[in-house]
Structure formats: structure tokens, C-alpha cells
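**Student:** Next come a sequence and a model predicted from it.
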Amino acid sequence: MKIRSTTDADLDVYIGTLHAAFGRFPETPVDGGGLWWSALEMDRALLATADDGRPIGTAAAHSFELTLPGNVLAPAAGVTAVGVLPTHRRQGVLSAMMRHQFAELRARGDFLAVLLCTDAAIYGRFGYGPATYTHRLTVPRNRADFAVPRADSTPGGSIELLRRAECGEILEEVYDRYRRVQPGALSRPRRWWALGAGQPPITPAPRYIAVHRDAGGDPDGYASYSLGDSGTLTVDETITTDDAVFTALARFLLGHDLVTRIVFKNLPPENPLRWQLADFRAAEVGDDGDWLWVRLLDIPRALTTRRWPTDGTLVLDIDDPFLGEHHRYQLTTRDGHAECTPTDRAPDLSLDVRDLGSIYLGGTAPSTLVRAGHIQAHYPGADALADALFRSERSPHCLHWF
């Protein structure tokens, strides 16, 4: 078996191999783009071939920015398009591609990688850990009344209804402002919008866009939605960093005529909508699960790049079985910044690199993984200190699909 980097000339072979790995066929190209794989960066893709030269496996990476706690924008490799032909599974092909990819990412200077996990039992062994979470809320239209608020949260401004084709620049600009202050959010490079790659509203698929404008007329939020024949109004995404703007958009959507139910896709678990309804039980929670998985490739750089909410010192003993590495670092945080240095001191916490990936963005409390038996706290209170250090002032959330 050989693993090599690809070029644009390999695109057709690459896409054919990837689709065959999943038992599917490439989509027929459509005018205006919309193919998820049109945004692949072929200079960051890998092709595994058998000894006779036949392609048997694929792996790729997108060039993203990931927002870390403290509104730090960090380069992140968005691992995607990973597949092995059914004829060559369980023969070490995937592991070999992952090792090859990690070596390339480190050589490029990447200190972390992220992915959306199709099989949660697979990627943990490569050092990825779930780091952000999401769920869907379904609200029957006849139970969508809002409770009388007990605090003033009424925003100024207005809502304008546009079609997707009319507001591409607005979507791009509002999303970019949002992702820069939302921990866990990924950038959407301009070429994604230009190519219509991914899922709505990036694609040119017909959608209505409810654009919220502030008192000065500037857009500060949007909701992308469509109405199906069954009377279900499906909201692709609601983008804003202002809770009052989210409430205004939710009121608009929940008040839509000729609708039987409203489905909000990919909301953060702590979203306040259920609490805002007169009937708390009206909103049904579904698809409650993980979204972004994180893998740290340079631990000191990763820990010193994000910001920290409180001062403290922890000694972390970190095992990386997939890469055959073991590290012990002293993490010292002060005034929002951190130092991370090798140490021989006794550890406060012992953990796997996948556990470090899960707690890195602040969406998973270290104490939860202590209780689960994954992280070992070596003295009482070590997990509480880790909780205080690793938390994020705003819970991490990612809704970009790649």
C-alpha cells in the first residue's frame, strides 16, 4: 500500500473512490454549485493505493479557522472525506492514512484538527474527542405561544424577509461576525459561498431568509428556513450572538401561518427557547448528540493559544496511544494567558489525548470525565480546579457542516 498527496487532476478518481467506500454515487452536477465536495482542497487530500496502483482509500482536510475561548481565531484542519473501500477494511488502511495525515498536519504547523464523526466508535482511537454538542427542537404551531417575560429582553430593530438568492452577502457577513465571537464555531471560507458547497444556506437551494436588522438598519442576525408540503417549517440555522435577536427571530418563525410544526435544527443544548414558551413541554428535543470532535497535535501550543477564565496551576499527564507519545506538562494560567512546560512533578490529572480534546473548548467539564472513569484526578478538588480553568464564558457550539 502507498499513500500519496493528490492534485486537481486526481479529483474524479478521488470522488469516485470516496463514494464507492460509502456505497453511493457522485451527485449529478447542477447549475450554481451545491456539491459538498466542490470545496475540497486537493493539495490537502490523500489517496491510498494498493500495490497494483488501484485506489482504496481517501482522506482530506479543509483550511478553517476555529474560534477558541477568549475569541481567539486559530487555524484548524477540518478533516473530511475519509473512506476505505469495503474490500480493504480492517487491514490497517485507515490507521495508516490517519498517521500519514497527522504527520503532514504537524509539518504544516497545524496544532489541532477537527472533524464531524460519522462513527463515534472509530475516531476516539485516533485521539479525537467530542467537544461541542447540539440538538433539534420541534414545536407544534398550536403550542407555540410565548410566556410573558419576567425581564425586559425586547430588541430594537425589525425583520426583513428575503429569498436566498437575494442576500448572499448578508449571510456571509452576519455569519462571519457570529463565528468570530462564538467558541467552537468554524469559518466559512469565501470559496464555500461562491461554490455553493455544503448545506443550506450556503448552497443556492431555495430558502427564505428572515434577516433581523438593528435600530440602525444593519443586519445582526438571520434564520434560514423552508416550508414542506406536510406543513413543517424547517429552520436550517439561526445565526446571532444576541439572545434578544434570537428571540425576535424565533417569534417570527413560530408565528408563521399555515404551519403545523416548526423544527429548529442544530441548536446549542443551553438554548433558552424551551424556557420562553408558555408550555415548557411543547418543545420536543431530538437528535441530541455530538457535533465537532477535536484532536490536539501540539499540546503546549494548543493550551497557550486559547484564553483562560481564571488563574491556577495543573499538572497534566497525557497519554497519546495512537501516536505512541506520552507527555507531562505543567499548565499555569494567569490573567487569561497560559504557560505550558514539561515537568517531572506529580500529576494532578491523568488523561488520554482524546479527553483533552473533549475539554479543550470548554464544552465538556473535566469532572464529567472523572466521574465517567476516563480522567483520573489524583487528589480531591483537582477536577473542580480543572472545571474552573477549562470552562468557556460562552458555551462552544458549531453548526458548520463539512
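**Tutor:** Sure, I can see it.
**Student:** what ranges do the helices span in the protein?
**Tutor:** 11-21, 93-108, 120-123, 168-179, 190-195, 243-254, 273-276, 299-305, 353-359, 366-371, 382-390 (DSSP state H).
**Student:** from the chain's centre, how far out does the third one sit?
**Tutor:** So the one you mean is helix 120-123. 16 Å (C-alpha atoms, centre = their mean, to the nearest Å).
**Student:** Give me whichever of the helices of the chain is most buried.
**Tutor:** With neighbours taken as mean count of other C-beta atoms under 10 Å, the helices of the chain reach their highest mean count in helix 353-359, at a mean of 26. Every residue, glycine included, has its C-beta placed from N, CA and C.
**Student:** what sits up against it?
**Tutor:** Contacts of helix 353-359 with the rest of the structure, by C-beta atoms under 8 Å, 6 or more residues apart in numbering, involve 124, 127-131, 293-296, 299, 316, 318-320, 322, 364-366, 369, 374-375, 386, 390.
**Student:** returning to that earlier point: export the helices of the chain as TSV, with columns for mean pLDDT and distance to H135.
**Tutor:** Output for the helices of the chain, formatted as TSV (pLDDT from 0 to 100; distance: least, C-beta to C-beta, whole Å):
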stretch	mean pLDDT	distance to H135
helix 11-21	95	29
helix 93-108	98	29
helix 120-123	93	16
helix 168-179	97	19
helix 190-195	94	25
helix 243-254	97	15
helix 273-276	96	10
helix 299-305	98	27
helix 353-359	98	18
helix 366-371	98	17
helix 382-390	98	22
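**Student:** Output the ones you listed in TSV; the columns should cover distance to P55.
**Tutor:** Shown next, in TSV, are the helices of the chain (distance: least, C-beta to C-beta, whole Å):
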stretch	distance to P55
helix 11-21	4
helix 93-108	11
helix 120-123	20
helix 168-179	35
helix 190-195	24
helix 243-254	45
helix 273-276	46
helix 299-305	33
helix 353-359	29
helix 366-371	39
helix 382-390	41
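**Student:** To V263, which of the ones you listed lies closest?
**Tutor:** Judged by C-beta to C-beta, the one of the helices of the chain that comes nearest to V263 is helix 243-254, at 9.9 Å.
**Student:** The closest one - contacts with which helices or strands?
**Tutor:** Judged by 3 or more C-beta pairs under 8 Å, 6 or more residues apart in numbering; DSSP states H and E, the packing partners of helix 243-254 are strand 158-163, strand 208-213, strand 219-227, strand 232-239, strand 261-267, helix 273-276.
**Student:** who touches the second one?
**Tutor:** Meaning strand 208-213. When contacts are defined by C-beta under 8 Å, 6+ apart, strand 208-213 is touched by residues 155, 157-164, 166-167, 170-171, 174, 201, 219-227, 240, 245, 248-249, 252-253.
**Student:** wouldn't L297 be in contact with R108 here?
**Tutor:** No - with contact defined as C-beta atoms under 8 Å, L297 does not count as touching R108 (10.0 Å).
**Student:** Sounds good, over and out.
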